[in-house]
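1. take this sequence and fold it.
(3 chains)
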Amino acid sequence: MPRTQFWLLSAITLAIVSTIVLLLSYNNNTQGLAGAQDNNDFSKKNIVGGHIPGYSILETSGDVLDPISLNVTIKDAVVDPMKYLREFNYGRVSELPNGTTLREFTLVASDDKVKEISPGVFYNVWTFNGTIPGPTLRATEGDLIRINFINNGSKSHTIHTHGIHKADMDGVFETVGAGGRFTYEFTAEPFGVFPYHCHMQPLEEHIVHGLYGVYIVDPKTPRPPADEMVMVMNGYDTDFDTENNFYTVNGIPYYYMHHPIQIEKGQLVRIYLVNMLEFDPINNFHLHANLYQLYRSGTSLIPDEYTDMVTMSQGERGILEFKYKFPGQYMFHAHKTEFAEKGWMGLFLVKDPMSSVPISNETLIRNNVTVNDYPQELSLDQKRGGDI
Amino acid sequence: MPRTQFWLLSAITLAIVSTIVLLLSYNNNTQGLAGAQDNNDFSKKNIVGGHIPGYSILETSGDVLDPISLNVTIKDAVVDPMKYLREFNYGRVSELPNGTTLREFTLVASDDKVKEISPGVFYNVWTFNGTIPGPTLRATEGDLIRINFINNGSKSHTIHTHGIHKADMDGVFETVGAGGRFTYEFTAEPFGVFPYHCHMQPLEEHIVHGLYGVYIVDPKTPRPPADEMVMVMNGYDTDFDTENNFYTVNGIPYYYMHHPIQIEKGQLVRIYLVNMLEFDPINNFHLHANLYQLYRSGTSLIPDEYTDMVTMSQGERGILEFKYKFPGQYMFHAHKTEFAEKGWMGLFLVKDPMSSVPISNETLIRNNVTVNDYPQELSLDQKRGGDI
Amino acid sequence: MPRTQFWLLSAITLAIVSTIVLLLSYNNNTQGLAGAQDNNDFSKKNIVGGHIPGYSILETSGDVLDPISLNVTIKDAVVDPMKYLREFNYGRVSELPNGTTLREFTLVASDDKVKEISPGVFYNVWTFNGTIPGPTLRATEGDLIRINFINNGSKSHTIHTHGIHKADMDGVFETVGAGGRFTYEFTAEPFGVFPYHCHMQPLEEHIVHGLYGVYIVDPKTPRPPADEMVMVMNGYDTDFDTENNFYTVNGIPYYYMHHPIQIEKGQLVRIYLVNMLEFDPINNFHLHANLYQLYRSGTSLIPDEYTDMVTMSQGERGILEFKYKFPGQYMFHAHKTEFAEKGWMGLFLVKDPMSSVPISNETLIRNNVTVNDYPQELSLDQKRGGDI
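-> Prediction:
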């Protein structure tokens, strides 16, 4: 692999882009300030003096050079987080003589690719089906799951799925060597959300390089309709010091800061959240300006807690359900600040389906939204003024 | 700022005070030993041999010089923890035409003060209304909250409140520059306990310096009457190595070891507990000789767990309810030993309202209680002897 | 103490044993490979190509030299984990005049022994009754507990029990010096699972050296019959750098990898799980191929969660209940990889009481199970094929 070339090229690109961004952001800030000084209702009412709208950029701490304002090229990236977000793999479906639904999946492990995991940062990724996280497998309680596992890597790998199954289907003792294959078969039970991951030793190496994904078992009576998405919290240790250099949700740091996840006002959103972060003892998830019903492990239909914060150690997971009452953009991120500032943050863009004024996506990608960008927000604000 | 002078002065003061305390504690220990050798019923029954009552002092590990036996001067301190404990700010209350209660609060950020955070340790604190933690805001579900925010600091700051509100009231994108003002307005919902904090980047800097506080939303049908108090778990990184040097509940390490929180036997105590500790992945709360009903996030009226241990990552919080059946003094502290031994410990002094013999507060402040100090304890002990 | 001799001897023994194990494991691997290439039904159906059955050995990361394949000698060990697992100390029972059951226990602290905590690793252990963890005390709600505590150590020690009791029974202020004695008395309440531990400062030293154990209070109406066991998660800091070098469940790293815990298919298993790990912020427990009902703190009869993962900070605990549907061997371990790979892992060996073909324990101790070792598994597998 021409990794040295990659790095050189990346460094140069980074330098050029940084300069451009610096100049742009300077302009944006100036405009933002000007915007705040405009005599619109919103600023008159709420703001006095030195107000700079927009989420600050070029202000990070630690070893990350302004990644918020840079964008990864999906072509080289280890995953397309927007595609991954709502993509559920239900398998090749057939019916067994006894009426049971059989779902067949194929997972191929590889460990020789170098992919972009953050703008300009390339890393030897170990993947199931080429992405980190691997595909989201989905079934209904009672289905028979068959995973045809092909190890195309140079090392031994397995698939260990959380959930109920026989000992020899556990992906622990049945090591699958380079070029080997294994067929995992088990009944989908119980309903819930589960991680699957390679269980070869040293485990930390196989996990931090990316061999994991999510497996969802739906209850027989399905949960209410919702805008469903999967979020996997992970990290990358790019300098091999057993500390993560980047933190992400769904594989690319800051991705959803550039590309906010569009949802609708009043629509139920359901997140299948799994923590696969290696090295760090815990991870967590904070939702802004809202609370979610939390179903720990997803194994119950009755929520455990109504909150905006959940803490998970590796392998823990849950289902988060919420609706936004107001349009606009809202952050979600780790409340472990270090993780947030090294990439584990994103945005929901809540759109009002009744509103004819679209929120400019252009503006949002700049991450430097001026007050003027929200005309419909302001009218809502005025309306609220009437309420009180 | 004459910080060098402060430090010199502090060092000299520390040296003098340490010597005095050493001498005093030597005497106390001697007295304590003598007390244990007295022929009272308690020691006869329970103790044989080398028994030294009192919580050991001058035995700490790590980089803290005997802070248990030193007392911070409230005049210079960043907060008066005893005043903070039970002080709820209900705002300036008025009624809107539609019958809704409006509660107006004023929060002023500053970032230029140097205050005492531990005996002899002065630190550049960033505060809301001059204290760490900031004032406890309190409202009832459905009230309209208006926070007039004034940034008197030299940096940009905001107020991000956990809870439900509109995007532009979230304190994230609407940066308030030095000298700026912003009015946050939102309906108090849902009921529960929430942190509020500055959301400017680098977030860790704004949080570790102290820009946070607690916001309580009471349910419309109030919780049962109780002795209510607020506890914020935090820390200070005084040498800027992204590791905390001091850990506290309510701003001053060990404060409630010197000044036990007085509560009554049989009285329901309700703690609104919030973890705002920066850098460390988790914090926790252990109550001695008792268990509490735990309401995670405070968003339910049905407790989640009956325990004496709860673990929280930053931003997590809950309500703890308990009663003490027996008078006496009881520790509460982090069960993460490092945090406890660097300041996150305190005492409840449970008083029996029926008892005419008061527990000497003088004695307790010495943190070196002899067995003789509890005559009423002993009679109780004898009575219990009758039970068995 | 002839510690230098111990270390020399240990080093030599380690070298010899390592060599033998290396040779043996080489043979095992070869056999394993051969086994996989046999034409049995299982491998035909599920495996293609380079399949090496058995849990890999000689592949660890960090500072542990191949401990999986080494076995501690129980004679010198700090505890016999198999004996400890299911041993409950109900005390010396008598009845008080008022009908209350009195349970008397004797706990003796010592701090001068050097015991083997991992193969070839000797450590100055501080123990209650000679083992780490100390004995499991067990009572029923409402019983009177009397613990006769004898401090045979050279330092001051106490017993602090989580649960409800009077202030002077809390093991905090009533320091028991070397050679001293103290009688703790309290009513067993509430029902649940609790840690007990020394509360002398510096607490971290007294805990990391081993002064802790488990105290169980059964509800008056007992929980359903089950195969009950106690598991304490702990660690050892053998180089005194305030980081653990070994992690265990029940005192010896990897012990239950060599000696799987035998349980029966379909039998309810109940684990009283307590985390006493010092230094690390959290610990966790992952059960393979199954889920458990989790009762946090054990203080309720209604489970809190159905999961395979629980996270606990020090002092947290719970009850785990599960049944295995299928025979075979199943791992349980920390999902914090570092802890697992430094010793916190074990095996359940689920036996089918209806099956006449015993699973060879010899094979299991080798930790290198070939596919051929499971003839009864294979027939089950074939039968399952019929189900679908």
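
2. show me what from the stretch 1-150 of chain A comes close to chain C.
-> Listed as neighbours of chain C in the stretch 1-150 of chain A under the rule Cβ under 8 Å from any Cβ of the partner chain: A:Leu96, A:Asn98, A:Thr100, A:Leu102, A:Leu144. Quick note: C-beta positions are derived from backbone N, CA and C, even for glycine.

3. okay, now the first one: neighbour count?
-> This means A:Leu96. Neighbourhood size, A:Leu96 [other Cβ atoms under 10 Å in any protein chain shown]: 12.

4. quick check: it touching A:Arg103?
-> No: with contacts counted by Cβ atoms under 8 Å, A:Leu96 stays clear of A:Arg103, the gap being 10.8 Å.

5. shared neighbours, these two?
-> Residues touching both A:Leu96 and A:Arg103 (Cβ atoms under 8 Å, 6 or more residues apart in numbering or on different chains): A:Leu144.

6. which among the residues of the stretch 1-150 of chain A next to chain C end up buried?
-> A:Leu102, A:Leu144 (16 or more other Cβ atoms under 10 Å in any protein chain shown).

7. kindly reformat the residues of the stretch 1-150 of chain A next to chain C as JSON lines containing pLDDT and distance to A:Val121.
-> Listed next are the residues of the stretch 1-150 of chain A next to chain C as JSON lines, based on pLDDT from 0 to 100; distance: Cβ to Cβ, whole Å:
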{"residue": "A:Leu96", "pLDDT": "98", "distance to A:Val121": "46"}
{"residue": "A:Asn98", "pLDDT": "97", "distance to A:Val121": "50"}
{"residue": "A:Thr100", "pLDDT": "98", "distance to A:Val121": "45"}
{"residue": "A:Leu102", "pLDDT": "98", "distance to A:Val121": "41"}
{"residue": "A:Leu144", "pLDDT": "98", "distance to A:Val121": "41"}
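
8. of all the residues of the stretch 1-150 of chain A next to chain C, which comes closest to chain B?
-> A:Leu144 (36.4 Å; Cβ to the nearest Cβ).

9. does that closest one touch A:Arg103 like I think?
-> Yes: with contact defined as Cβ under 8 Å, A:Leu144 counts as touching A:Arg103 (7.1 Å).

10. what do the two both touch?
-> Both A:Leu144 and A:Arg103 are contacted by A:Ala188, under the criterion Cβ under 8 Å, 6+ apart.

11. in the stretch 101-250 of chain A, which spans are strands?
-> Remark: strands assigned in the stretch 101-250 of chain A by DSSP state E, counting those that start in this stretch are A:101-118, A:121-128, A:136-140, A:144-151, A:160-161, A:174-176, A:181-187, A:192-197, A:212-218, A:227-236, A:246-249.

12. tabulate the ones you listed (JSON lines), appending distance to C:Val217.
-> Output for the strands of the stretch 101-250 of chain A, formatted as JSON lines (distance: least, Cβ to Cβ, whole Å):
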{"stretch": "strand A:101-118", "distance to C:Val217": "46"}
{"stretch": "strand A:121-128", "distance to C:Val217": "46"}
{"stretch": "strand A:136-140", "distance to C:Val217": "41"}
{"stretch": "strand A:144-151", "distance to C:Val217": "42"}
{"stretch": "strand A:160-161", "distance to C:Val217": "36"}
{"stretch": "strand A:174-176", "distance to C:Val217": "42"}
{"stretch": "strand A:181-187", "distance to C:Val217": "38"}
{"stretch": "strand A:192-197", "distance to C:Val217": "31"}
{"stretch": "strand A:212-218", "distance to C:Val217": "36"}
{"stretch": "strand A:227-236", "distance to C:Val217": "37"}
{"stretch": "strand A:246-249", "distance to C:Val217": "42"}
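
13. with distance to B:Asp218 added, can I get the residues of the stretch 1-150 of chain A next to chain C in CSV?
-> What follows is these, written out as CSV (distance: Cβ to Cβ, whole Å):
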residue, distance to B:Asp218
A:Leu96, 56
A:Asn98, 56
A:Thr100, 52
A:Leu102, 54
A:Leu144, 51
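
14. ok, which of the residues of the stretch 1-150 of chain A next to chain C also contact chain B?
-> Counting by Cβ under 8 Å from any Cβ, no member of those reaches chain B.

15. A:Leu320: which of the strands of the stretch 101-250 of chain A is closest?
-> strand A:227-236 (8.5 Å; Cβ to Cβ).

16. direction included, what does the closest one pair against?
-> Paired with strand A:227-236 in the same sheet, following DSSP bridges, are strand A:246-249 (antiparallel), strand A:269-275 (parallel).

17. what angle sits between the longest one and strand A:192-197?
-> Which is strand A:269-275. If you take axes from the mean of the first three to the mean of the last three Cα atoms, to 10 degrees, strand A:269-275 sits at 40 degrees to strand A:192-197.

18. can you pull the contacts of A:Thr299?
-> Neighbour list for A:Thr299: A:Pro190, A:Phe191, A:Gly192, C:Leu291, C:Glu305, C:Tyr306, C:Thr307 [criterion: Cβ under 8 Å, 6+ apart].

19. if we go to 6 Å?
-> Taking Cβ atoms under 6 Å, 6 or more residues apart in numbering or on different chains as the criterion, A:Thr299 is in contact with A:Pro190, A:Gly192, C:Tyr306.

20. check the secondary structure at it for me.
-> Of the three states, A:Thr299 takes coil under DSSP: H, G, I helix; E, B strand; the rest coil.

21. quick one, grab the pLDDT at it.
-> Here the pLDDT value assigned to A:Thr299 is 98.
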